[in-house]
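Trainee: Okay, predicted coordinates and the sequence, questions at the end:
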Amino acid sequence: MRLSLRLKGAASATSATSDDSNNAEVEKEAEQTLQPTTTTQSQDVPPDGGYGWVCVAAVFMINAHTWGINSAYGVFLAHYISTSTFRGATSLDYAFIGGLSLSMGLLIAPGATVFNRLYGTRYTLLVGIFFQTLSLIGASFAKDLWQLVLSQGVCFGWGIGFLFVGSVGVIPQWFTKKRSLANGTSAAGSGFGGLIYSLATNAMIKNIGLGWALRILGIVTCAVNLVCAILVRDRSKAIGSAQLAFDHKLFLRPEFCAFEAWGFFSMLGYVVLNFSLPNYANSVGLTASQGTVIGAVFQLGQMLGRPIIGYNSDTFGRLNMAIGTTVLAAIFSLAIWIPAHSYGVLVFYAIVQGTVAGTFWATVAPVGAELVGLKILPSALSITWLVITLPMLFSEPIGLAIVDYTPAAYLGTQIFTGELQANVT
């Protein structure tokens, strides 16, 4: 009897222990289930400022010394065409080099994205600095057209590509409510650089020659970009960024396909404007110096317009601002550029068109983040750079070819640019 009671007591104790153990395991599982969610949510909230503003300033200067330098190619283009710098080269050859540098920068973007995932942002920026410095110094010693193609075209494009990929995704990682303002401010760097270096390049070519102008640009951009590479910090680990070079599943999203179409047709019109205004000024009888000023004023418009676009995007909606400013760009091209034959009207057109012409660059990262999310934004942007490679490469040659085959000179190119911007919306 006593043995029976002891067994029953042991069984009861075992049962109670088992029940307590089961309850403890359930509670533990519940805690494990809830904890990752809380951690993930805390990790996914950007600080919306802080050191992010230092990154904005650094990316601003990187854009000034990459895309800004490339924007000054309009001055080089006008110089090459007017002086026949390289024997046997045509205006289309020179136009092709400007588009080649842009397209190579975007074509190498998927590879740069993989490199960024493996080695980090800083090393990606350093590789870009190496290629860009090498390209400008190399171009200063070019004697034949093919050497200019490889240096100022291909190699410079690789430098832009690595610097761009290493910096473009950093700003959205630091901001939420102020994301478009921060991105627009950093994107304004290209307009700032284009303004400064358009004027400086023209002055250097006149006073110290083409070769030394390129060498000084190479030295200055190397020094500035090195400082910026040290200052830039990403938050890829904090947000769990995928850093994939190509995610084909994105093409199953209709909104993403529409986003890519917008980028493709926007760039067809934008590149023509970016490179053609100084040469257009020369074609209507203005001097080379006046043409340079018009190109610089266009860059000033971009510098002023992109932060404004970013600020209003946070207020009125990023997609709304992207569509609205693209429509304005079309109206300005058709209503102002076509009848613009005097210096004053061209300066006015350059400033107002510049404020809205760079809408794509001011909104591409925030709109992309809104469509696909921060984690797969690098993959989405990598695809976007590939999609706009073709318009970047062929836009300016198409524009100049239309000029050559149109009786009214630039009229066909002006209509081409305006219609592209109108139809893309």
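Mentor: Received, thanks.
Trainee: so where's the stretch 301-425 of the chain uncertain?
Mentor: Counting by pLDDT under 70, the stretch 301-425 of the chain shows low-confidence ranges at 407, 423-425.
Trainee: How about the contacts made by the nearest residue to residue 313 once chain neighbours are set aside?
Mentor: Sequence neighbours aside, residue 180 is the residue nearest to residue 313 in space, at 3.6 Å (criterion: CB to CB, 6 or more residues apart in numbering). For the C-beta atoms, the positions are set from N, CA and C on the backbone; glycine is no exception. Residues near residue 180 by CB atoms under 8 Å, 6 or more residues apart in numbering: 309, 310, 311, 313, 314, 318, 321, 362, 363, 366.
Trainee: same thing but at 7 Å, please
Mentor: Listed by CB atoms under 7 Å, 6 or more residues apart in numbering, the contact set of residue 180 reads 310, 313, 314, 318, 363, 366.
Trainee: Sitting in helices, which of those residues do you find?
Mentor: 310, 313, 314, 318, 363, 366 (DSSP state H).
Trainee: and after the lowest-mean-pLDDT helix or strand in the chain, which helix or strand comes next?
Mentor: Lowest on mean pLDDT, DSSP states H and E among the helices and strands of the chain sits helix 2-43, with a mean of 42. Using DSSP states H and E, the helix or strand that follows helix 2-43 in sequence is helix 52-64.
Trainee: contacting residues around that following helix?
Mentor: Applying CB under 7 Å, 6+ apart, the contact partners of helix 52-64 are 163, 167, 170-171, 174-175, 182, 185-190, 192-193, 224-225, 228, 231-233.
Trainee: so how far is the helix or strand hosting the residue nearest to residue 313 from its chain's centroid?
Mentor: Assessed by DSSP H and E, residue 180 sits inside helix 179-208. Averaged C-alpha coordinates place helix 179-208 at 14 Å from its chain's average position (CA atoms, centre = their mean, to the nearest Å).
Trainee: picking up where we left off before, which two in the contacts of residue 180 are spaced the farthest apart?
Mentor: 314 and 363 (10.9 Å; CB to CB).
Trainee: and residue 230, what helix or strand is that in?
Mentor: In this assignment (DSSP H and E), residue 230 forms part of helix 210-231.
Trainee: hmm, back to that, out of the ones in helices among the contacts of residue 180, flag the one nearest to residue 393.
Mentor: Looking across the ones in helices among the contacts of residue 180 and measuring by CB to CB, the closest to residue 393 is residue 363, at 22.7 Å.
Trainee: Distance-wise, check the closest one relative to residue 112.
Mentor: With the distance defined as CB to CB, to the nearest Å, residue 363 ends up 22 Å from residue 112.
Trainee: related to what we said a few turns ago, for residue 364, see how far away the residue nearest to residue 313 is.
Mentor: Counting by CB to CB, the gap from residue 180 to residue 364 is 11 Å.
Trainee: same question, residue 129
Mentor: In terms of CB to CB, residue 129 sits 23 Å off from residue 364.
Trainee: Same question for residue 350.
Mentor: 23 Å.
Trainee: Over to residue 108?
Mentor: 18 Å.
Trainee: Can you tell me which of the contacts of residue 180 is nearest residue 403?
Mentor: Relative to residue 403, the closest of the contacts of residue 180 is residue 363; by CB to CB it sits at 30.0 Å.
Trainee: Residue 89: which element?
Mentor: Following DSSP H and E, one finds residue 89 outside all helices and strands.
Trainee: Just give me the neighbour total for the closest residue to it other than its chain neighbours.
Mentor: Sequence neighbours aside, residue 145 is the residue nearest to residue 89 in space, at 4.8 Å (criterion: CB to CB, 6+ apart). Counted with other CB atoms under 10 Å, residues neighbouring residue 145 total 20.
Trainee: phi, psi of the residue sitting nearest the centre point of the chain?
Mentor: In the chain, the C-alpha nearest the mean C-alpha coordinate belongs to residue 361, at 5.3 Å (CA atoms, centre = their mean). The phi/psi pair for residue 361 (degrees, to the nearest 10) reads phi -70, psi -30.
Trainee: got a list of what it touches?
Mentor: By CB under 7 Å, 6+ apart, the contact set of residue 361 is 187, 190.
Trainee: same thing with residue 251?
Mentor: residue 257.
Trainee: What confidence value was assigned to it?
Mentor: The model reports residue 251 with a pLDDT of 85.
Trainee: tell me the SS of it?
Mentor: With DSSP: H, G, I helix; E, B strand; the rest coil as the basis, residue 251 sits in helix.
Trainee: surely residue 86 meets residue 145?
Mentor: Yes - using CB atoms under 7 Å, residue 86 is in contact with residue 145, at 4.5 Å.
Trainee: Secondary structure element holding residue 401?
Mentor: In this structure, residue 401 sits in helix 389-404 according to DSSP H and E.
Trainee: Against which helices or strands is that helix packed?
Mentor: Contacts defined by 3 or more CB pairs under 7 Å, 6 or more residues apart in numbering; DSSP states H and E place helix 389-404 against helix 91-107, helix 254-283, helix 411-423.
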